[in-house]
Structure formats: structure tokens, C-alpha cells
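Asks: Turn this into a model:
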Amino acid sequence: MKNLFISLFLLMIPFSVFAQETEVVRLSEPVQVTETHEVFGSEIDEWSEARSLASIIESEEDISGKEVTLETQVAKVCQKKGCFFVANQDGYSARITFKDYGFFIPTDSQGKTVKLVGTFNVKELSEEQAKHYAEDAGEDADAINGPQKEYSIVATSIMVPKS
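Replies: The predicted structure follows:
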């Protein structure tokens, strides 16, 4: 009987380790919930037609500093808090943060297609800033040399599909 308990205990160890690795961090509650998605940030009664990341970046001079509606896939999400994510689409990339650091998305949002409303900006990051962001995203910071051009959107609202 004692051996049975020891065997069961040893079998449970890998499951508890696996459960810890997949823990989802949710620091913000959604402001709207439907059967298919959750909205974080500000409530949106009616969503505008979304643009692609490529069309936004290709129009950077015309729309920098203006509000956009974007539909994109979450390529990487901050695993500490869900305080930012990286959108990659058609060879373009943008860093998405949240207005006034006022809300976050669940850390299991990677790979999901989200819709968001926010202000589009283009800025130059110092090498130090770019390396810090790379570390937060789990990338190789040593691969960054010199200032980097960054496309970003400060979102006021984001619609995330439920898992």
C-alpha cells in the first residue's frame, strides 16, 4: 500500500510542474463579455471596419497620431502581466500597449486574432530601449545594434476571442 502511494505521488509531480508552466495571468477583468469574445479597456458599442497592419504601416505618414481600428494576430504577449503584445502581419510588426497602463490582456492570447482601437505612432527607440523591449518579449537583446524604428499602437479597447 505504501508503495502504491509513493508511486501515485511520483506520477503526480510532472502534472503539477506542467500546470505551473501553463498558468495564465489575467490582471484585468473584461468590460464586455459575449459567447465568443471578451473586451478589455473601454466598452465599444459598434466596432468600425478594421484595417490590416500592413495597410496602416504603409500609410504611416498620413495616419501617425490618429485613431485606427486594427484586426491582427497576437504574435507574442508579455508573459509577466499581459501589459503589451507584438502584432506581426504580412512582414510588418507593431508593439501594442494599453492606454495609461490601465488594462492588460490574458497572457494566453498569443496566436489569437484580436480587434483593437487605438492611436498609431511611429517612433525611434534608443538601443537601450529596444534591448529592454526585446528582453521583455523573450528575444535576443544582444542582436540589437543602434536605434530602432518602432511602430506602435496605444490601444483604448481590445476584443480578444475566448479560448
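
Asks: Neighbours of the residue lying closest to residue 121 once chain neighbours are set aside, how many?
Replies: In space, and not counting its chain neighbours, residue 121 is closest to residue 152: 5.2 Å by C-beta to C-beta, 6 or more residues apart in numbering. Yep, even glycine has a C-beta here, placed from its N, CA and C like the rest. Here the neighbour count serves as a burial measure; for residue 152 (other C-beta atoms under 10 Å) it reads 18.

Asks: Tell me the confidence at residue 137?
Replies: For residue 137, the model assigns a pLDDT of 69.

Asks: Output the lowest mean pLDDT helix or strand found in the chain.
Replies: Lowest by mean pLDDT, DSSP states H and E among the helices and strands of the chain is helix 2-21, with a mean of 46.

Asks: In the sheet, which strands lie alongside the following helix or strand past it, parallel or antiparallel?
Replies: Moving toward the C-terminus from helix 2-21, the next helix or strand (DSSP states H and E) is strand 32-33. With DSSP bridges as the criterion, the sheet partners recorded for strand 32-33 are strand 37-41 (antiparallel).

Asks: what about the partner strand, distance to the chain center?
Replies: The gap between where strand 37-41 is centred and where its chain is centred comes out at 13 Å by C-alpha atoms, centre = their mean, to the nearest Å.

Asks: What's opposite the residue nearest the centre of the chain in the beta bridge?
Replies: In the chain, the residue lying closest to the centroid (C-alpha atoms, centre = their mean) is residue 85, at 2.5 Å. Taking DSSP bridges, one obtains residue 77, residue 96 as the residues bridged to residue 85.

Asks: Quickly note the distance from it to residue 77.
Replies: When distance is defined by C-beta to C-beta, to the nearest Å, residue 85 is 4 Å away from residue 77.

Asks: Tell me the confidence at residue 25?
Replies: Reading off the model, residue 25 has pLDDT 89.

Asks: so who does it touch?
Replies: Remark: with contacts taken as C-beta atoms under 8 Å, 6 or more residues apart in numbering, residue 25 is in contact with 79, 80, 81, 82, 106, 107.
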